[in-house]
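# what shape does this take:
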Amino acid sequence: HRYNSLYVVPDPEYMFISRCEGSAAKLPRVPTSPGIANYISVNVTSNSFVGPPPASIFELAGNQFTRNLRAIFGNYDEPTENLSTEVIKNRELLSKLKLNSANVVKREEARGGVPKDTPDIIKIPYIKLCEFIDIVFEQRPPIERFFFLETVARMPYFTYISMLHLYETLGFWRRGAETKRIHGDEEYNEYHHLLITEALGGDQTWFVRFLAQHSAVAYYWILVVLFMVSPALGYFFSVLLEGHAVDTYQEFVEENSEILSSLPVPAIARDYYNSVDYYLSVGGNVPGFAPTAPIHGEEPRPHYGDSFENLRDVFEAIVKDEADHVLTMKECRGED
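Modelled structure (predicted):
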């Protein structure tokens, strides 16, 4: 990766350049410490950025504003490159992917829908949010919907970590340290789902980025208030949203099985699912160390990413991740 650059290297199979990368602080290079070098060699994925800190918020905001302003008029700063025949073919296949929102609703209803005893303070916002997503993204590429969902999906875990940290600092509650660590794993997992959607071009439209990023910030503060009032309700809202994510991705995989099976695996997906961090986060056991999270579903496998043969396998792994999040959120609110 290039320090002081706005962009990371695009995935060679799709060649979409991320529109969500900022600039690093202009600092001299220093040798990497042995500890960090060892961590990077076993745990850091290809799109992780290890190096100087970010630039000031003024520079970052200025770069982002300028870039989005150019994007509104269809102009981007980086030079366009000639795409290979294979990349063009992959992009054409991506453009054929579809997602029927009505079928997602049917899936949710088939598994019971929103529980009847759900408080209105949770039920109404959840239903309206799903309707809003369906209206905005029904005629747009599904990968853009997933970019929106994964941008927003990171916020609950960030919220829970923030609130548990605050409660620890104030001496209110100090029994959530392990829970906080599990939420960190979940946030990191959603972050890599987000990177996968970016590798597939989900963040290329400025309007989708604007909507996703501003919705995420608003969602964070709403969840902060909700967690203050009732952590159990906050976790319950996440149960509903993660369940919706499972239904959405399952419908997408089944509806586009043939196309997904003919598309290659993004490098970031293989790297992440091969990483030690992912293996441990799903309950993998390293001799001499205890698992960092409960095991849900399948027994964890080292180098899981190497088993992926195509993009369908990647999205099936994401379905499993989201299903695990549902179970974890239920456990956090004390459900059996």
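
# and the helices in the stretch 1-150 of the chain?
Per DSSP state H, counting those that start in this stretch, the stretch 1-150 of the chain carries helices over the ranges 34-43, 57-72, 85-95, 101-110, 120-137, 142-153.

# buried set for the third one?
Same thing as helix 85-95. For helix 85-95, a neighbour-count test (16 or more other Cβ atoms under 10 Å) marks 87, 90-91, 93-94 as buried. (Glycine included, C-beta is placed from N, CA and C.)

# can you give me how far that helix is from the chain middle?
23 Å (Cα atoms, centre = their mean, to the nearest Å).

# who touches that helix?
The set of residues external to helix 85-95 that reach it, using Cβ atoms under 8 Å, 6 or more residues apart in numbering, is 12-15, 83, 141, 143, 200-201, 259, 262-264.

# next one: T248 from P12, what distance?
Relative to P12, T248 is positioned 28 Å away (Cβ to Cβ, to the nearest Å).

# who's more crowded, the two?
The neighbour count for T248 versus P12, taken as other Cβ atoms under 10 Å, is higher for T248 (24 against 13).

# so what's that one up against?
Neighbours of T248 in contact, by Cβ under 8 Å, 6+ apart: 99, 104, 145, 149.

# residue contacts, the second one?
Applying Cβ under 8 Å, 6+ apart, we find V104 in contact with 134, 244, 247-248, 251.

# run through the stretch 201-336 of the chain and note the low-pLDDT ranges.
276, 279-300, 336 (pLDDT under 70).

# helices of that one, start to end?
Secondary structure of the stretch 201-336 of the chain by DSSP H, counting those that start in this stretch: the helices cover 206-229, 231-255, 257-261, 267-274, 276-281, 311-332.

# just send the ones you listed back as JSON lines, with distance to M155 too.
Below are the helices of the stretch 201-336 of the chain laid out as JSON lines (distance: least, Cβ to Cβ, whole Å):
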{"stretch": "helix 206-229", "distance to M155": "5"}
{"stretch": "helix 231-255", "distance to M155": "10"}
{"stretch": "helix 257-261", "distance to M155": "27"}
{"stretch": "helix 267-274", "distance to M155": "20"}
{"stretch": "helix 276-281", "distance to M155": "19"}
{"stretch": "helix 311-332", "distance to M155": "13"}
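
# picking that back up, for the contacts of V104, which single residue is the most surrounded?
Sorting these by how many neighbours each has (other Cβ under 10 Å) puts T248 first, at 24 neighbours.

# and the strand or helix carrying L195, what's buried?
Assigned by DSSP states H and E, L195 belongs to helix 177-199. Using 16+ other Cβ under 10 Å as the test for burial, helix 177-199 gives 180, 182-199.
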